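**Q** One predicted model, sequence on top.
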Amino acid sequence: MADKGPGWEEVAQHLDWFVPWRYVERDQAWFAGAYGNVAANAVDRQLRDRAGAVAISDRRSGLSREMTFRALYEASGRLARWWRAAGVSPGMRVMLYGEASVDLLVAWLALARIGAVVVRSLATLDGLLVDRVRRTEASWIVASQDTALQVERLREANALSQRWLSAAPPGVVGAPTVTEVIEDAPGVLDAVAVEANAVGLLLYGDEWAPYAYAGLGSLVAGIGSLALALPAQSSRVALETDNGGLLDACYLTLLLWTLGRSVVWGDVRDDVPTMLSPEAALRRDPHPLRMLLASDAWRAASRANGGQRLLARPALGIYEVVGRSFPYAGSPGHDQARVERMEPDRPPAQPSWCAVLAGIDGVREVLALPAEGGWDVWMASDQGEQDLRDAVQAALEAEGVDAFRCIVVPDLPETVEGHLAMTTMAAIGRREPHLNLGHLKRPAAIPALVERLFGAPMMLG
């Protein structure tokens with residue numbers, strides 16, 4: 001069993017796993033065979049000896065809200081129980097929309113506890129938000145106080161139909177609030193076992209398609225990076241931002257909890273007069289360690305200031321201490337969809353007869369892949385294989401195709417980015433024993449595809 005990462009197996013051994021891994025890395029899948037849960041590692045295991053310790057203090061913009069690890073466990077567990085009863089299940093997608101808040105952090109934990117996927121978008125325009133909800137197939141939306149009225153307006157205009165919760169105070173909008181459903185929940189849901197490579201986060205930046213991150217894999221990579229930079233004595237860490245970023249604050253808070261730290265959320269804008277330079281602001285250091293999640297000016301100032309100040313870039317993947325960086329590339333949990341977004345899988349040049357097959361009634365899509373002794377002809381159609389086989393055979397005989405295998409499926413598999421999953425299709429055609437399914441939109445459909453392929457006979461022209 002070879003560990004291809006820089007000590008990732010050693011890092012992973014510091015987490016709690018329901019089922020241990022068989023392979024550290026195999027076929028681009030990290031910790032293959034392992035099952036665990038992000039929420040169980042971030043919060044639940046802190047109950048052993050830190051249940052009463054303050055886990056999160058939100059002191060931004062005059063706020064003063066604290067929650068202990070015990071309170072986080074109960075709140076996220078009750079919200080997860082309520083959501084589970086409402087039909088949210090592992091793999092379902094829920095969008096968290098708006099600025100960071102403790103309620104949205106609790107919602108993130110609850111979704112991790114269920115094994116659902118957090119969708120995070122920076123969209124603020126109505127049309128862009130609606131488009132991203134549709135593209136990610138989000139079933140629920142949790143809106144922060146600053147976005148709740150927008151979501152309610154879009155629902156009233158029938159632009160959004162998803163069920164939703166509000167993190168605004170009661171009475172601001174008609175939707176139930178996170179606080180209300182936590183109080184109404186019948187009990188606490190224990191963390192479910194989640195496969196190590198299962199997608200835990202879909203993150204939109206400024207592009208049309210999201211990045212996809214494995215929940216447990218990115219937890220391993222994140223704590224591995226932070227552990228190299230955090231001083232051993234820093235039991236309490238302040239996260240400060242000048243942009244209210246939800247992803248930065250919540251994601252890094254989960255990592256810090258997993259490393260046994262308590263977290264304080266601050267706001268650089270409240271701490272520093274506008275005329276005060278970033279350099280002067282950074283000299284104020286009321287906490288053992290400050291992590292600045294801020295604009296380029298603040299980043300440049302922190303580099304110049306030096307000292308024990310950890311810098312986190314807003315994009316997942318790079319943490320930086322003065323003079324040192326930790327990229328995600330090649331590490332567990334890295335964005336498996338990046339290559340498919342930058343250079344989408346493209347089918348090989350398709351034979352001219354594919355256009356003939358695409359013209360058969362009921363056929364939506366055709367993909368031809370070279371196979372041993374002929375062609376594998378995949379067809380997306382709601383008709384039965386037997387119904388199409390005669391028409392396909394007649395068309396291919398007329399085109400001079402000597403041997404082919406006709407495989408009819410309801411839909412051809414797609415990646416979470418919406419591209420045709422060519423890598424997976426080619427691997428199925430080669431009869432590879434191990435398939436990487438973490439980047440697929442509907443991985444549960446693959447066994448049926450494999451069964452259809454193996455059951456389809458090679459037809460001779």
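**A** Looks like it arrived, so ask away.

**Q** Regarding residue 81, what is its secondary structure?
**A** Here residue 81 is recorded as helix under DSSP: H, G, I helix; E, B strand; the rest coil.

**Q** for residue 200, that is, sorry about that
**A** Three-state assignment for residue 200 (three-state DSSP): strand.

**Q** Am I right that it is in contact with residue 215?
**A** Yes - between residue 200 and residue 215 there is a contact at 2.1 Å, judged by Cβ atoms under 8 Å. Every C-beta, even on glycine, is put in place using the N, C-alpha and C of the backbone.

**Q** and for those two, which residues touch both?
**A** Taking Cβ atoms under 8 Å, 6 or more residues apart in numbering as the criterion, residue 200 and residue 215 both touch 38, 112, 194.

**Q** any chance of those residues in TSV, plus distance to residue 180 and neighbour count?
**A** Putting the shared contacts of residue 200 and residue 215 into TSV (distance: Cβ to Cβ, whole Å; neighbours: other Cβ atoms under 10 Å) gives the following:
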residue	distance to residue 180	neighbour count
38	25	26
112	21	29
194	27	27
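
**Q** Of those, which belong to strands?
**A** Among the shared contacts of residue 200 and residue 215, the subset assigned to strands under DSSP state E consists of residue 194.

**Q** And the shared contacts of residue 200 and residue 215, which is closest to residue 58?
**A** Using Cβ to Cβ, residue 112 comes nearest to residue 58 of these, at 19.5 Å.

**Q** for the shared contacts of residue 200 and residue 215, which one is nearest residue 65?
**A** Using Cβ to Cβ, residue 112 comes nearest to residue 65 of those, at 20.8 Å.

**Q** can you pull the contacts of the residue of the chain most remote from its centre?
**A** Distance to the chain centre peaks in the chain at residue 398, reaching 47.6 Å (criterion: Cα atoms, centre = their mean). Contacts for residue 398 were tallied using Cβ under 8 Å, 6+ apart; they are residue 356.

**Q** buried stuff in stretch 386-406?
**A** Within stretch 386-406, the residues that count as buried by 16 or more other Cβ atoms under 10 Å are 388, 391-393, 396, 401, 404-406.

**Q** Include pLDDT and secondary structure when you put those into TSV, please.
**A** Below are those laid out as TSV (pLDDT from 0 to 100; DSSP: H, G, I helix; E, B strand; the rest coil):
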residue	pLDDT	secondary structure
388	84	helix
391	87	helix
392	87	helix
393	86	helix
396	87	helix
401	86	coil
404	85	strand
405	86	strand
406	87	strand
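
**Q** can you tell me which of these lies nearest to residue 33?
**A** residue 405 (31.5 Å).

**Q** For that closest one, give its distance to residue 186.
**A** 52 Å (Cβ to Cβ, to the nearest Å).

**Q** still on that earlier bit, in TSV, list the buried residues of stretch 386-406 along with distance to residue 86.
**A** What follows is these, written out as TSV (distance: Cβ to Cβ, whole Å):
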residue	distance to residue 86
388	40
391	45
392	44
393	49
396	49
401	51
404	47
405	44
406	42
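
**Q** ok, so of those residues, who is nearest residue 427?
**A** residue 405 (16.2 Å).

**Q** Who does that closest one form a beta bridge with?
**A** residue 376 (DSSP bridges).

**Q** Quick check: it touching residue 370?
**A** No - contact criterion Cβ under 8 Å: residue 405 and residue 370 do not qualify, at 11.3 Å.

**Q** Now for these two: what residues contact both?
**A** In contact with both residue 405 and residue 370: residue 376, using Cβ under 8 Å, 6+ apart.
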